[in-house]
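> need the 3D shape of this:
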Amino acid sequence: MGSNVQIEQVIGRVLRQPGAQHYGDPDLNTAEFFVRMDDRQAFTEILKLVQAKLAADAPETKLTTYVGKGGRSSTRLEPKKAKTLPSVHADSEDAIEPIASAIGALRDYRSDRVYTVGEGRHVRAIQAIGSGLAPVIEEETTAHSNPVLARFVLRRALQAQHPKTANVINWADQKFDAQIEINSLAAEELRRAADELVGLYLDHTRLVCEEDNPHEVGPVLVRTEKLVHFNNAIHDGYSDLNPDEEAVAHALDKTGHDWARNPSPGGFSIPLLDRGKTRNFYPDFLVWKNDTVFAIDPKGEPYLATDAGRKLLAIRDDSGRKIMIVRLITAGRWNNDTLKKIADDGYTAWTLTNTGKIRSRFKTSVEEIVEVCLDDRF
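Model prediction:
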């Protein structure tokens, strides 16, 4: 293969397989591609382009590469002991009524012959074979664009922002059977409606722990040449830790509590109640202390000023108990009110008070900040 486009196409065919989903076993979440290239330097440059493309289109996909005849040097590590934690689901029951009300207010276009029509466009490239000249582009405006169902337009718009919103909509409503043209005013109105519906879903949905459907910690894949061993981890060790992650991992190991590094993707995930392509939050570390599970992530900065971040910090079970606590860590010293970094030294841990206010605590060392994160009174 000689281009990033060819490699992207091959990877894309695997990612788009019907019924694709994440499993607890890392081997079931892994696909291997063997690519032959004549120029090793070109291969490195192409991989950078592919990784950038995947980061934008499939952020939950991790690309690991190796060059040579020996193949990968990865090892599957089974858990040393069985550990489970409550799963977390998005409870959208409170969103059903406001969304149904918004759907009821939508215009019914089944008998409309004005707003359902929109101009189309044909684009044609003409190039003489063998001439070497640039193609001539011709554009033609038509009276109509492609006809589709209102249901298709709305679903597609929801898919781009937050697909779970579609789960609380009654798609049997006959107004969705209206045939409209893709560039019509009716289609534009439905796209604006999708924005409102997603907002209603996110505003009225909460994250809830579910003990009856626990997540079991499974095996992990590690690269043996980069394996770091730990005493109290659920697995013998972990690889590919960046400096911040490794510092937190050693601090967790010193506490004596059972803990695990959470693989992303394929590990324990929490639905992320936010617009965009990232659908799930994978905390870096899981810690078991008494009857509580702590989910700790040292890359908490992107979530601080978002509603999605606040909902991560506010997880309860159906009775209001905190059987799982999410702790976000940010490097440096931060202002609690403005949520802005004010100095580069130390670490800051974040929690949510019972009144729904963000609260932080600063410590100079990673060991101290880990102790703060594991304090259920914080």
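> what's the offset of stretch 237-246 from the middle of its chain?
Centre-to-centre, stretch 237-246 and its host chain are 21 Å apart (Cα atoms, centre = their mean, to the nearest Å).
> check which residues of it are buried.
237-239, 241, 245 (16 or more other Cβ atoms under 10 Å). (Glycine included, C-beta is placed from N, CA and C.)
> I'd like the next helix or strand past the helix or strand where residue 48 lies.
Secondary structure assigned from DSSP states H and E places residue 48 in helix 40-57. Sequence-wise, the next helix or strand downstream of helix 40-57 (DSSP H and E) is strand 74-77.
> list the helices and strands that following strand packs on?
strand 220-223 (3 or more Cβ pairs under 8 Å, 6 or more residues apart in numbering; DSSP states H and E).
> dump the strand it packs on to PDB, restricted to CA.
The C-alpha trace of strand 220-223 is given here as PDB (Å, rounded to 0.1, in the frame of the first residue of the first chain):
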ATOM      1  CA  VAL A 220      -5.600  -6.700  29.400                       C
ATOM      2  CA  LEU A 221      -3.100  -6.700  26.600                       C
ATOM      3  CA  VAL A 222       0.300  -5.400  27.400                       C
ATOM      4  CA  ARG A 223       3.500  -4.900  25.500                       C
END
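> what average pLDDT does whichever helix or strand comes after it get?
Once the chain leaves strand 220-223, the next helix or strand it forms, by DSSP H and E, is strand 228-229. The pLDDT scores in strand 228-229 average 96.
> partner strands of strand 228-229, with direction?
Take DSSP bridges as the rule and strand 228-229 pairs in its sheet with strand 237-238 (antiparallel).
> tell me the mean pLDDT over the partner strand?
Here the average pLDDT along strand 237-238 is 96.
> what's it in contact with?
By Cβ atoms under 8 Å, 6 or more residues apart in numbering, the surrounding residues in contact with strand 237-238 are 77, 220, 222, 227-230, 249, 261.
> are any of the residues you listed buried, and if so which?
Listed as buried from these are 77, 220, 222, 227-228, 230, 249, 261; burial here means 16+ other Cβ under 10 Å.
> show me the two of the contacts of strand 237-238 that sit farthest apart.
Distances among these were taken as Cβ to Cβ; the most separated pair is 77 and 249, at 14.5 Å.
> next, the buried residues of the helix or strand hosting residue 361.
Residue 361 belongs to strand 358-363 when elements are defined using DSSP H and E. Neighbour-count burial for strand 358-363 flags 358, 360-363 (criterion: 16+ other Cβ under 10 Å).
> cool, stretch 333-352 as well?
For stretch 333-352, by 16+ other Cβ under 10 Å, it's 333-334, 346-352.
> residue 295 is in contact with residue 270, isn't it?
Yes - at 7.4 Å, residue 295 and residue 270 qualify as touching, with contact defined as Cβ atoms under 8 Å.
> which neighbours do these two share?
Common neighbours of residue 295 and residue 270 (Cβ under 8 Å, 6+ apart) are 283, 326.
> now do stretch 102-121, average pLDDT.
What stretch 102-121 shows for mean pLDDT is 94.
> in the buried residues of stretch 237-246, find the pair that's most separated.
Largest separation among these by Cβ to Cβ: 237 and 245, giving 12.9 Å.
> now for those two: what residues contact both?
By Cβ under 8 Å, 6+ apart, no residue touches both residue 237 and residue 245.
> what segments of the stretch 101-250 of the chain are strands?
Here the stretch 101-250 of the chain has its strands, by DSSP state E, counting those that start in this stretch, at 120-126, 136-142, 147-149, 179-181, 206-216, 220-223, 228-229, 237-238.
> any chance of those in JSON lines with distance to residue 29 as columns?
Shown next, in JSON lines, are those (distance: least, Cβ to Cβ, whole Å):
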{"stretch": "strand 120-126", "distance to residue 29": "40"}
{"stretch": "strand 136-142", "distance to residue 29": "43"}
{"stretch": "strand 147-149", "distance to residue 29": "35"}
{"stretch": "strand 179-181", "distance to residue 29": "40"}
{"stretch": "strand 206-216", "distance to residue 29": "15"}
{"stretch": "strand 220-223", "distance to residue 29": "9"}
{"stretch": "strand 228-229", "distance to residue 29": "22"}
{"stretch": "strand 237-238", "distance to residue 29": "17"}
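> among the ones you listed, which is nearest residue 85?
Taking the strands of the stretch 101-250 of the chain one by one with Cβ to Cβ, strand 206-216 is closest: 5.5 Å.
> check which helices and strands that closest one sits against.
Counting by 3+ Cβ pairs under 8 Å, 6+ apart, strand 206-216 packs on strand 84-91, helix 307-313.
> any idea which of those is most buried?
Mean neighbours per residue, mean count of other Cβ atoms under 10 Å, is largest over these for helix 307-313, with a mean of 20.
> and the residue nearest the centre of the chain, how far from residue 303?
The residue lying closest to the centre of the chain (Cα atoms, centre = their mean) is residue 278, at 2.8 Å. Per Cβ to Cβ, to the nearest Å, residue 278 is found 11 Å from residue 303.
> can you check residue 348 too?
Distance from residue 348 to residue 303, by Cβ to Cβ: 13 Å.
> same question for residue 296.
13 Å.
> quick one, which of the two is more surrounded?
Looking at residue 296 and residue 303 with other Cβ atoms under 10 Å, you find the greater number of neighbours at residue 296, namely 25 against 22.
> buried residues, the strand or helix carrying that one. List them.
If you go by DSSP H and E, residue 296 is part of strand 292-297. Across strand 292-297, burial judged by 16+ other Cβ under 10 Å covers 293-297.
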